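Visitor: mind folding the following:
(chains A and B)
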Amino acid sequence: GEQVEQLPSILRVQERSSASINCTYENSASNYFPWYKQEPGENPKLIIDIRSNMERKQIQGLIVLLDKKAKRFSLHITDTQPADSAMYFCAASEGTGYQNFYFGKGTSLTVIP
Amino acid sequence: EAAVTQSPRNKVAVTGGKVTLSCNQTNNHNNMYWYRQDTGHGLRLIHYSYGAGSTEKGDIPDGYKASRPSQENFSLILELATPSQTSVYFCASGDVGGRAETLYFGSGTRLTVL
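Guide: As a prediction, the model looks like this:
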């Protein structure tokens, strides 16, 4: 199956600074890359995604970049707030209909007030 | 938002016992999944289903069975629980939009096997 590497595993940033999380994948057929946020004691929730026909996507303070040649994608959180503190997971999937999602191991983000 | 309900929220079992984790979704999604989450491993797929009557093995199926008796319900069964199966288990259902699928996760079941 696919292997998704996610770094860093732990990230601490000052409030109002930016936070970046990077993921790499192996399977050239992967074409959909979602990001999930999991707050303590809660379930993971989709926050942003990008498909292989795009290089950049932004939703408010969240930016996702995709470099298909390098098989790398990243999440950038601008102007971080304490409410952004959570676990973040990247994932990669391919195919249509049923798609197996391969998740990274997660990044624990702490935003320091 | 999609509603996926898991039960129980917490479970303590003994080694060798049988454990059944239940999941119900009310969104008419065809696809359902069981993941386990462990520190340092992220989310790993155990079993999944395309619809009622269908179960498929995921990446780590050993020691687990699954059952999808209806569109709404998907169960994970541990016939002989072991301490290595102590984990947090998440059920998810899938909503295919365009060519990509959004996963909606339940609130999780924390299982401890003593």
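Visitor: name the helices or strands packed onto the lengthiest strand in chain B?
Guide: Secondary structure of chain B read by DSSP state E shows that its longest strand is strand B:87-97. In terms of contacts (3 or more CB pairs under 8 Å, 6 or more residues apart in numbering or on different chains; DSSP states H and E), strand B:87-97 is packed against strand B:4-7, strand B:19-25, strand B:31-38, strand B:100-105, strand B:109-113. All C-beta spots, glycine's among them, are computed from the backbone N, C-alpha and C.
Visitor: can I get the CA coordinates of it in CSV?
Guide: The C-alpha coordinates for strand B:87-97 follow below in CSV (Å, rounded to 0.1, in the frame of the first residue of the first chain):
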residue,chain,number,x,y,z
SER,B,87,-6.5,1.3,21.3
VAL,B,88,-8.9,3.9,20.2
TYR,B,89,-11.2,2.7,17.4
PHE,B,90,-12.8,5.1,15.0
CYS,B,91,-15.6,4.2,12.6
ALA,B,92,-16.1,6.4,9.5
SER,B,93,-18.5,6.6,6.7
GLY,B,94,-17.7,7.9,3.2
ASP,B,95,-19.4,10.4,1.0
VAL,B,96,-18.2,10.3,-2.6
GLY,B,97,-18.3,13.7,-4.1
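Visitor: quick one: distance of it to the chain centre.
Guide: Computed by CA atoms, centre = their mean, to the nearest Å, the chain-centroid distance of strand B:87-97 equals 7 Å.
Visitor: between that strand and strand B:100-105, how many degrees?
Guide: Orientation check (axes from the mean of the first three to the mean of the last three CA atoms, to 10 degrees): strand B:87-97 against strand B:100-105 gives 140 degrees.
Visitor: list the contacts for residue 12?
Guide: Just so you know, I chose chain A. Shown in contact with A:Arg12 (CB atoms under 8 Å, 6 or more residues apart in numbering or on different chains): A:Leu109, A:Thr110, A:Val111, A:Ile112.
Visitor: actually chain B
Guide: Taking CB under 8 Å, 6+ apart, one finds B:Leu111, B:Thr112, B:Val113, B:Leu114 in contact with B:Val12.
Visitor: picking that back up, wait, which of the helices and strands packed on strand B:87-97 is closest to chain A?
Guide: strand B:100-105 (3.9 Å; CB to the nearest CB).
Visitor: B:Ser49: neighbour count?
Guide: 23 (other CB atoms under 10 Å in any protein chain shown).
Visitor: actually, B:Lys57.
Guide: Neighbouring residues of B:Lys57 were enumerated by other CB under 10 Å; the total is 14.
Visitor: nearest spatial neighbour of it, skipping sequence neighbours?
Guide: B:His47 (6.3 Å; CB to CB, 6 or more residues apart in numbering or on different chains).
Visitor: thinking that neighbour is in contact with B:Ser54, fair?
Guide: No. Applying CB atoms under 8 Å, one finds B:His47 not in contact with B:Ser54, separated by 10.3 Å.
Visitor: neighbour count: these two, which is higher?
Guide: B:His47 (24 against 15).
Visitor: which residues are in contact with that one?
Guide: Counting by CB under 8 Å, 6+ apart, B:His47 touches B:Tyr33, B:Trp34, B:Thr55, B:Glu56, B:Lys57, B:Gly58, B:Pro61, B:Tyr64, B:Lys65, B:Ala66, B:Leu76.
Visitor: lowest pLDDT pick from those?
Guide: Across the contacts of B:His47, the bottom pLDDT score, 89, is held by B:Gly58.
Visitor: which SS class is the closest residue to that residue other than its chain neighbours?
Guide: Spatial nearest neighbour of B:Gly58, chain neighbours left out: B:Leu45 (3.3 Å); criterion: CB to CB, 6+ apart. Of the three states, B:Leu45 takes strand under DSSP: H, G, I helix; E, B strand; the rest coil.
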